[in-house]
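Visitor: Sequence below, structure please.
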Amino acid sequence: MTQLGTGTVLRQSPAQCCFHRLYQISLCLSSIPVLLLISWLFDSNTQLRETLLSLSLLLPAIAGLTVLWLTLFNANTEQIIEHALILDDAGITQLTYNEQRQLLWTDFAGYRIHPTLPRTVTLYHRHGQDLRFGYYMYSAEQRQCLFRHLQRRQLIA
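Guide: Here you go, the predicted structure:
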């Protein structure tokens, strides 16, 4: 968390980036054992089984290497800002790979933390231009700061 004039910047740390990516990847990869089990129970095609087994070994390796690569080569603060939120008096700005989307407080219509997997947060815009991001994209401390700020804004509105 960084103070910027009258605003606060919540920038995803490299460690939080890794955690968030591993969380997303683990949700995707959790379907592979289910597919393997189904193929063993209901399908006698050994080629399909071998393909699924190969995927169950190959995909985690690729995912792990991707996370490692992102950690090593995007660890410098001068690199691309993958994910950040800027909270100021005008509104909230979402930065995703240096692209900006802004939600003015006058258009803020509340927020919701979705409990289903993958867990997400939606910041509602009065005209449907909602901001969405993963719940675990930011650290627990950053999420607390964000939700306190959003609750204050809901009380004002």
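Visitor: Just the buried residues of stretch 107-118, please?
Guide: Judged by neighbour count using 16 or more other CB atoms under 10 Å, the buried positions of stretch 107-118 are Phe108, Tyr111. Glycine gets a C-beta too; all of them are placed from N, C-alpha and C.
Visitor: Please, where are all the helices along the chain?
Guide: 14-29, 31-42, 46-73, 140-156 (DSSP state H).
Visitor: Among those, which comes closest to Arg101?
Guide: Nearest to Arg101 among the helices of the chain is helix 140-156; the distance by CB to CB comes to 15.4 Å.
Visitor: can I see the domain layout of the chain?
Guide: Residue ranges for the domains of the chain, per automatic domain parsing: 2-13+83-156, 15-73.
Visitor: Determine which of those shows the lowest mean per-residue pLDDT.
Guide: Per-stretch averages of pLDDT across the domains of the chain put domain 15-73 at the bottom, with a mean of 73.
Visitor: From start to finish, how long is stretch 113-123 in a straight line?
Guide: Terminal residues of stretch 113-123 lie 9 Å apart, using CA to CA, to the nearest Å.
Visitor: what do you get for stretch 87-102?
Guide: For stretch 87-102, the first-to-last residue distance is 10 Å (CA to CA).
Visitor: what sits against Gln94?
Guide: Each residue near Gln94 by CB atoms under 8 Å, 6 or more residues apart in numbering is listed here: Ala84, Leu85, Gln100, Arg101, Gln102, Leu103, Leu131, Phe133.
Visitor: hey, what's it bridged with?
Guide: Note on Gln94: beta-bridge partners Leu85, Arg101, judged by DSSP bridges.
Visitor: Next, work out how far apart it and Phe108 are.
Guide: Relative to Phe108, Gln94 is positioned 13 Å away (CB to CB, to the nearest Å).
Visitor: what's the answer for Glu82, then?
Guide: On the measure of CB to CB, Glu82 and Phe108 end up 24 Å apart.
Visitor: most tightly surrounded among the helices of the chain?
Guide: helix 14-29 (a mean of 15; mean count of other CB atoms under 10 Å).
Visitor: tilt between that one and helix 140-156?
Guide: 90 degrees (axes from the mean of the first three to the mean of the last three CA atoms, to 10 degrees).
Visitor: Now do the contacts for the residue nearest the centre of the chain.
Guide: In the chain, the C-alpha closest to the average C-alpha coordinate belongs to Gly134, at a distance of 3.1 Å (CA atoms, centre = their mean). Residues counted as contacts of Gly134 (CB under 8 Å, 6+ apart) are His20, Tyr23, Gln24, Pro118, Arg119, Thr120, Val121.
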